[in-house]
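S.K.: Turn this into a structure:
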Amino acid sequence: MNQIVAGSNYIQTLADLNSAKMADPFSFLGKHKTGEQWTIRTWQLNATKVELLGWHEDTVLAEFERLEGSGLFEVKSDLSECYRLKVHFGDQSFIKQDPYQFPDLRFNDGFFDAARVY
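M.R.: Below you'll find the model as predicted:
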């Protein structure tokens, strides 16, 4: 498996992800336009492999690269529509949606402040 090497920008981001202190994970995880392609990142701490699937088919479109020594997986793709992830844990695998591909799901607009439980 190929591995990406951490640059200095990733060090603090990975520390924040690992300790659940990242204020806006949507800004880093999920799908982001980088030039002519999309960069897709997912945090799968105990996964052994992650693959990119289309929304409606189970065909593997690409395999993610793991950032060495972390749970961060990244792939560059031309895929512009929604996608799913096939996450492997040893001999088992699961297909799941990546919630970070939907940045409009952020809950920082104040709407949920009224739903506090006392």
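
S.K.: Which residue ranges of this structure form helices?
M.R.: 8-18 (DSSP state H).

S.K.: lowest-confidence helix or strand of it?
M.R.: Here the helix or strand of the chain ranked lowest by mean pLDDT, DSSP states H and E is strand 3-4, holding a mean of 46.

S.K.: What distance do you get for the most centrally placed residue in the chain to Leu79?
M.R.: Centroid-nearest residue in the chain, with C-alpha atoms, centre = their mean: Thr42, separated by 1.9 Å. Computed with C-beta to C-beta, to the nearest Å, the distance linking Thr42 and Leu79 is 14 Å. From N, CA and C alone the C-beta is placed, and that goes for glycine too.

S.K.: what does Pro103 give?
M.R.: Using C-beta to C-beta, Pro103 is found at 16 Å from Leu79.

S.K.: now Thr48
M.R.: Between Thr48 and Leu79 the distance is 23 Å, computed by C-beta to C-beta.

S.K.: Neighbour count: these two, which is higher?
M.R.: A count of neighbours by other C-beta atoms under 10 Å puts Leu79 above the other of Thr48 and Leu79, at 18 against 14.

S.K.: show me the contacts for the nearest residue to Asp58 once chain neighbours are set aside.
M.R.: Closest residue to Asp58 apart from its sequence neighbours, by C-beta to C-beta, 6 or more residues apart in numbering: Ile95 at 7.1 Å. When contacts are counted by C-beta atoms under 8 Å, 6 or more residues apart in numbering, Ile95 touches 53, 58, 84-87.

S.K.: For Ile95, name its beta-bridge partners.
M.R.: Counting by DSSP bridges, Ile95 forms beta bridges with Lys86.

S.K.: per-residue confidence at it?
M.R.: Model confidence at Ile95, given as pLDDT, is 96.

S.K.: what's the answer for Phe107, then?
M.R.: For Phe107, the pLDDT comes out at 53.
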